[in-house]
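Enquirer: Below is the sequence, then the predicted model.
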Amino acid sequence: MNERIPVNVTIDNQVMTISWDRPDKKNALTQAMYGAAADALLDAENDNNVRVVILTGTHDCFTAGNDLNDFLNNPAIGDDTPVARFLAAIASFKKPIIAAVNGPAVGVGTTMLLHCDMVVAADTSVFSMPFSKLGVCPEAASSYLLPLMAGYHRAAELLLLGENFDANTARDCGIVNRIAPSAEYQTLARKLAETMAQLPPNSLRTTKAFLKSSMEQVVSTRMKEEADVFGKMIQGPEAVEAMTAFTERRPADFSKF
């Protein structure tokens, strides 16, 4: 029997909801989960009954980012990997995407939000992009999109230090649209999605196309550039030390580099 992939996909009132569902691991993402989400976005793109997509996690956790064990055992190198397919799908998706976020949104859990059209965050959300701490570089075209949204100095602070930041900071940086109490953020995201689903669908797609058109090629190119460098760095000595330290539950030591 095949093991269930912990990604739930439902369609209701012309809204597809894609939910990470691995709460025992804080929804850490495996290659199989990326693949399932990429397939769901492709289905949504081609399904006239889907007008809006909600991307979310379990109620109190969005995602802790990549599952490091899965990531190290199945290096995500190349354009045809599940993670590459997912990032390409979310970046080029033609219909509106609303993210509903609570709890940790780590690494790709934050950078994927840069490709969404609206982000609703619970006031208990915690964001981080700790790529520098892990001995790698930014991904998902975040090195381009984040300065565009937040300004260079804010983006540099978040990417170079890799520290946690809250929902208010995320809103100040343009990553989050609206903040709600943790008991209400899913309801608010759903209300926004259903409101959009009642609007003229071609108008929504055309408006989004114009909003994205000036950055589409740059995002695609930067995403590939980052992925190429990321693939090399993940096998480098700094990343090995960072991830070994993480699994051994000790501080990483970069003094020899």
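Expert: The structure has been received and is ready for your questions.
Enquirer: Quick one: classify residue 83 as helix, strand or coil.
Expert: helix (DSSP: H, G, I helix; E, B strand; the rest coil).
Enquirer: Could you report the distance from it to residue 43?
Expert: 18 Å (CB to CB, to the nearest Å). Backbone N, C-alpha and C define where each C-beta goes, glycine included.
Enquirer: who's more crowded, those two?
Expert: Between residue 83 and residue 43, counted using other CB atoms under 10 Å, the more crowded position is residue 83 (25 against 13).
Enquirer: Verify the contact between that one and residue 32 for me.
Expert: No: between residue 83 and residue 32 there is no contact under CB atoms under 8 Å: 10.7 Å.
Enquirer: Return the helix or strand in this protein with minimum mean pLDDT.
Expert: helix 68-73 (a mean of 76; mean pLDDT, DSSP states H and E).
Enquirer: And that helix, what's buried?
Expert: Under the neighbour-count criterion of 16 or more other CB atoms under 10 Å, helix 68-73 has 70-72 buried.
Enquirer: likewise stretch 245-256?
Expert: 245, 252.
Enquirer: chain center to it: distance?
Expert: 26 Å (CA atoms, centre = their mean, to the nearest Å).
Enquirer: any idea how far the residue minimising distance to the centre of the chain is from residue 4?
Expert: Closest to where the C-alpha atoms of the chain average out (CA atoms, centre = their mean) is residue 112, at 2.4 Å. Noted for residue 112: a distance of 22 Å to residue 4, by CB to CB.
Enquirer: Show me where the stretch 51-200 of the chain has its strands.
Expert: Along the stretch 51-200 of the chain, the stretches classed as strands by DSSP state E, counting those that start in this stretch are 52-56, 97-101, 104-106, 118-122, 126-128, 165-166, 178-180.
Enquirer: What mean pLDDT does the fifth one get?
Expert: Read that as strand 126-128. The average of the pLDDT scores along strand 126-128 is 98.
Enquirer: what lines up beside it in the sheet?
Expert: Sheet pairing for strand 126-128, assigned by DSSP bridges, gives strand 104-106 (parallel), strand 165-166 (antiparallel).
Enquirer: Please identify the most buried of these.
Expert: Highest mean neighbour count among the strands paired with strand 126-128 (mean count of other CB atoms under 10 Å): strand 104-106, with a mean of 26.
Enquirer: any idea how far that strand is from the chain center?
Expert: 9 Å.
Enquirer: how many neighbours does residue 26 have?
Expert: Using other CB under 10 Å, residue 26 is surrounded by 20 other residues.
Enquirer: hmm, I was thinking of residue 133
Expert: 16.
Enquirer: do the same with residue 221
Expert: Residue 221 has 12 neighbouring residues, counting by other CB under 10 Å.
Enquirer: tell me which element it falls in.
Expert: Per DSSP states H and E: residue 221 is located in helix 216-233.
Enquirer: Equivalent analysis for residue 243, please.
Expert: Counting by DSSP H and E, residue 243 is part of helix 237-247.
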